[in-house]
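> structure for the following, please:
(chains A and B, ligands or ions: 2)
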Amino acid sequence: MAGSALRRLMAEYKQLTINPPEGIIAGPVNEENFFEWEALITGPEGTCFEGGVFPAKLTFPSDYPLSPPKMQFTCDMFHPNKPNDESGANVDAAKMWREDREEFNKKANKLVRRTLGLD
Amino acid sequence: MPIIIIDRLPLPNFKTYVALSVGLFSIALYHGLNATNDPGWKSSLLEATKDMNNSLPLLSNASRNEYFSESKFRELVLYMLEDSLCFWGFINGAYCFLVVLAKCIQLIFVGDLRSIEVQHLKDKFYTFVFYKFIFIFGIINVQFIDEVLFWLIWFSIIGFLQLVSQLCRDRFEYLSQSPVFLKWNHSYLIALLGIVSSISCSLFVTCLGAGATSNGYSAFTFMIAECVLLILKLSHTIIRYCFYLYDTWTGLATPSGAAGASGPSESLWKRRGPAAYYVEFGFDLAGLVIESVHYAHMLVWVWANMFLSVASFMICMQLKVLYQEIMLKLEKHKKYRRVLEFMEKNYPKATAQDLAENSDKCPICWEVMESARKLPCSHLFHSVCLQSWLEQDTSCPTCRLSLNIHNMGSSTSPDSMDPDLNPPRGRQPNHFFHFDGSRYISWLPSFSVEVTHGQFIRTGELIRDTSQLDSMARQVQQMFPHFPVSVITEDLHTTRSIELTIENILDGTLVLPPQLVIIDDETPGTSNTEGSSSNENSSTRLNTENQEVDDQELVEQNIEEKFSKSSEDREKILSCRRDRLLREARRKYLDKLAASNSQGNSASQAGKSDLADKSDNLSENLANKSSPESLANRSDSETSSSELNRGDQIEC
Ligand SMILES: [Zn+2]
Ligand SMILES: [Zn+2]
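Ligands and ions are numbered 1, 2, ... in the order given. From the prediction side, this is the model:
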């Protein structure tokens, strides 16, 4: 099964290289392990994360594509939906997003700067 | 086998241990020699001792042994077995030798261990030690030190072999996941597998021979069972290895050719599909059965000797676990058979016309289809691919049409339909599983399981009613004001969770199934159209229409060039692309910052439409600024022929 997953991943990698989607670069950084990819995802425009480049790790199961890959951001992520530590969603971020939008945006902006290596 | 995890035992580091052991062994030997030298002890070892005393620390194990004539050596060994200090020094020395041997094997054959391999080895080691301890003292109930010694030696050898075979398997799995065929790593691993297998086989033969001639029938049966388990495991790895090598030889597993692969590969793989399945199934089942018999034998042994203890309880637990595993395997197999049957009955083979009409690639594995099965929705898939999909999902992989597959087995037993045993895996947001228990047995409950897409986030909140949906949509819209509520609501209908919808928006793929965002572009065309349409939603665009057309052409011209055949080049190009993305994002951000600063502080509080206008201007500026450079980059890449050079140019 791993063989077919490997072939599919290779095909997808080729697809992504030849025809990259806007603002996303993904691929196996070290091809010795083809089931672990790293992706760079640019923050969507019009959001407080605009302009940032967020690195993420993608782990593919050996029966891919029957099972979906796992994705995890490798940068500090301050977002209601991005878990910090292992506690599911980021409660602090959600609270701040609801209660203190300005502070949240400030923090998001800081994060964007950090992902760009500007801080 | 349940794994006993002992997280941190204070194991001394390798060098200290070896040094200590050698020291201890020397002391023991010295003590032994002195004692045997004593006139009270039978013989005279004068000359030997003299030499020994001088050269003791320098000598290695082997040469030291050569020092003794047969009889002297035996005397020494006899004494050392009597004396407890010597005895433990001796045992420890033997283990030290084993550790050194393990280290050598590691250095020669496999190199650095990966953390998962270390973890497996540790787990295996502690489990092994635990159960063998129980075996020696709880089941065999040894009375004499030489018996203990015998089992100790036996289990050291078998345990050592087991660990090495585990390592071989892990390493094989790792190597087979690499797109490049690492010739040397493979040859070393195959050599190691060969050595371990031959040792195991000779051990098996020895046990068989010893068992046949001796009276200790039962003890040898235990040993033979252990050998068989070991050999089974090794041959499983070897057969999988053969499959892998066969694939590689026939060009199947070299995925560089996969995207454009055609011809014989498909039928080959299809032929192999069931064979591979039955090999896995057979080995797994055989291993479990033999292990159960092994433990059952222990139980019988304990009872026959009227010796009841905690050990028998442990064995019962173990047997129960094994039984459950066997049942699970059989259940899975039943399901496999059922799906296969169902598929063959209900989904006809696609005709040549079907194949010609549809795109010629299987949507699951992305490989060419020469034969395929057709679903009611007229989507085509390889039989093998469809089979493995249907084992875990009951809808069409492409269009999500529910296939009613859980109704298929009206003839099968109800418990096999139990959703606990085969839970539908949530890979798509709108997957619905309904279980109507009363159809099978009256007292079984009926319920529906709705599986929200839960890959990136653990749980999604389920929606109770539409008003909740509305409020959720508003919440999301607060966060992403530029998305219309209708779009958000629509997405919420499928995701049923704020988190997931936000995730979708952040990934910029509100319309795609989220987990396939990055990887699941059905055809080369779609990703581009997708990208541009989402760009039109947001008001900033870097490229003008014309440039995009140019890009398209350039991209198409570069298609084959851009994806290198060599993995090294690919890695290089990828890292270049990543750098470039980061650089461009940084520049864009700084430009924007400068622009907003020049417009004064009030701009930062400006409304959304203002911002949009601003960024429009900005992006035009940027487009003007950036286009010559990027075009220059592209023309560079066109003219240069060598891929390695091009990679460098991209970087610079
Ligand atoms: Zn297929
Ligand atoms: Zn379909």
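> any idea which residue of chain A lies closest to ligand 1?
Proximity to ligand 1, evaluated over chain A using Cβ to the ion, is greatest for residue A:4 at 7.5 Å. All C-beta spots, glycine's among them, are computed from the backbone N, C-alpha and C.
> isn't that residue up against residue B:365?
Yes. Assessed by Cβ atoms under 8 Å, residue A:4 is found in contact with residue B:365 at 5.2 Å.
> so these two - more neighbours on which side?
Between residue A:4 and residue B:365, counted using other Cβ atoms under 10 Å in any protein chain shown, residue A:4 has the larger neighbour count: 29 against 23.
> my read is that one is in a helix, agree?
Yes. Assessed with DSSP: H, G, I helix; E, B strand; the rest coil, residue A:4 lies in a helix.
> please pull out the lowest mean pLDDT helix or strand from chain A.
Between all helices and strands in chain A, the lowest mean by mean pLDDT, DSSP states H and E belongs to helix A:91-99, at a mean of 74.
> which elements pack onto the helix or strand just after it?
Remark: after helix A:91-99, the chain's next helix or strand is helix A:101-115, criterion DSSP states H and E. Helix A:101-115 is packed against strand A:53-59, helix A:91-99, with contacts defined by 3 or more Cβ pairs under 8 Å, 6 or more residues apart in numbering or on different chains; DSSP states H and E.
> quick one, helix A:101-115 and helix A:91-99 angle?
Calculated by axes from the mean of the first three to the mean of the last three Cα atoms, to 10 degrees, helix A:101-115 forms an angle of 130 degrees with helix A:91-99.
> just the CA trace of stretch B:197-208, in CSV.
In CSV, the C-alpha atoms belonging to stretch B:197-208 read as follows (Å, rounded to 0.1, in the frame of the first residue of the first chain):
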residue,chain,number,x,y,z
SER,B,197,17.1,-15.3,9.5
SER,B,198,19.8,-17.9,9.1
ILE,B,199,20.7,-17.7,12.8
SER,B,200,17.0,-18.0,13.7
CYS,B,201,16.6,-21.0,11.4
SER,B,202,19.6,-22.8,12.8
LEU,B,203,18.3,-22.1,16.3
PHE,B,204,15.0,-23.6,15.3
VAL,B,205,16.7,-26.7,13.9
THR,B,206,18.8,-27.0,17.0
CYS,B,207,15.8,-26.8,19.2
LEU,B,208,13.9,-29.3,17.1
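> quick one: buried residues of it?
By neighbour count on 16 or more other Cβ atoms under 10 Å in any protein chain shown, the buried set for stretch B:197-208 is B:197, B:199, B:200, B:203, B:204, B:207.
> cool, and stretch B:285-296?
By neighbour count with 16+ other Cβ under 10 Å, stretch B:285-296 contains the buried residues B:287, B:288, B:291, B:292, B:294, B:295.
> what's that stretch in contact with?
Outside stretch B:285-296, the residues that touch it by Cβ atoms under 8 Å, 6 or more residues apart in numbering or on different chains are B:1, B:222, B:225-226, B:228-229, B:232-233, B:236, B:315, B:318-319, B:322-323, B:325-326, B:329-330.
> those in helices, which ones?
Secondary structure from DSSP state H places B:222, B:225-226, B:228-229, B:232-233, B:236, B:315, B:318-319, B:322-323, B:325-326, B:329-330 of the contacts of stretch B:285-296 in helices.
> could you tell me how many residues sit around residue B:25?
Residues within reach of residue B:25, counting by other Cβ under 10 Å, total 21.
> over to the one 10 residues further on?
Residues lying near residue B:35 (other Cβ under 10 Å) number 16.
> and the helix or strand it falls within, what does it pack onto?
Using DSSP H and E, residue B:35 falls within helix B:14-37. Here helix B:14-37 touches helix B:46-55, helix B:70-82, helix B:84-105, going by 3+ Cβ pairs under 8 Å, 6+ apart.
> C-terminal to the longest one, what's the next element?
Just to be clear, that refers to helix B:84-105. The helix or strand immediately downstream of helix B:84-105 is helix B:115-134, counting by DSSP H and E.
> who are the packing partners of the host helix or strand of residue B:187?
Residue B:187 belongs to helix B:183-213 when assigned by DSSP H and E. Under the contact definition 3+ Cβ pairs under 8 Å, 6+ apart, helix B:183-213 sits against helix B:145-176, helix B:217-249.
> buried ones in stretch B:378-395, by neighbour count?
In stretch B:378-395, counting by 16+ other Cβ under 10 Å, buried: B:379-395.
> mind checking the SS state of residue A:45?
Here residue A:45 takes the coil state, with states given by three-state DSSP.
> in the stretch 1-150 of chain B, where is pLDDT below threshold?
Applying pLDDT under 70 to the stretch 1-150 of chain B flags residues B:1-12, B:37-73, B:80-82.
> chain neighbours aside, what residue packs nearest to the residue of it found nearest ligand 2?
Nearest to ligand 2 in the stretch 1-150 of chain B, going by Cβ to the ion, is residue B:116, at a distance of 37.3 Å. Closest residue to residue B:116 apart from its sequence neighbours, by Cβ to Cβ, 6 or more residues apart in numbering or on different chains: residue B:170 at 6.8 Å.
> near ligand 2, which residues of chain B? Just list them.
Residues of chain B that fall close to ligand 2, judged by Cβ under 5 Å from the ion: B:377, B:379, B:396, B:398, B:399, B:401.
> for the fifth one, give me phi and psi.
Meaning residue B:399. The phi/psi pair for residue B:399 (degrees, to the nearest 10) reads phi -110, psi 0.
> ok, now which ones touch the closest residue to it other than its chain neighbours?
Once flanking residues are discounted, residue B:399 sits nearest to residue B:377: 5.3 Å by Cβ to Cβ, 6+ apart. Going by Cβ under 8 Å, 6+ apart, residue B:377 touches B:396, B:398, B:399, B:401.
> and if we set it to 7 Å?
Contact analysis of residue B:377 by Cβ atoms under 7 Å, 6 or more residues apart in numbering or on different chains lists B:396, B:399, B:401.
> so it: helix, strand or coil?
Classification of residue B:377 using three-state DSSP returns coil.
> which pLDDT value goes with it?
For residue B:377, the pLDDT comes out at 84.
> any regions of chain A where pLDDT drops low?
In chain A (pLDDT under 70), the answer is A:1-2, A:76-91.
> residue of it nearest chain B, please.
Chain A approaches chain B most closely through residue A:10 (3.3 Å), counting by Cβ to the nearest Cβ.
> with distance to ligand 1 and mean neighbour count added, can I get the helices and strands packed on helix B:183-213 in JSON lines?
Putting the helices and strands packed on helix B:183-213 into JSON lines (distance: least, Cβ to the ion, whole Å; neighbours: other Cβ atoms under 10 Å in any protein chain shown) gives the following:
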{"stretch": "helix B:145-176", "distance to ligand 1": "19", "mean neighbour count": "18"}
{"stretch": "helix B:217-249", "distance to ligand 1": "15", "mean neighbour count": "18"}
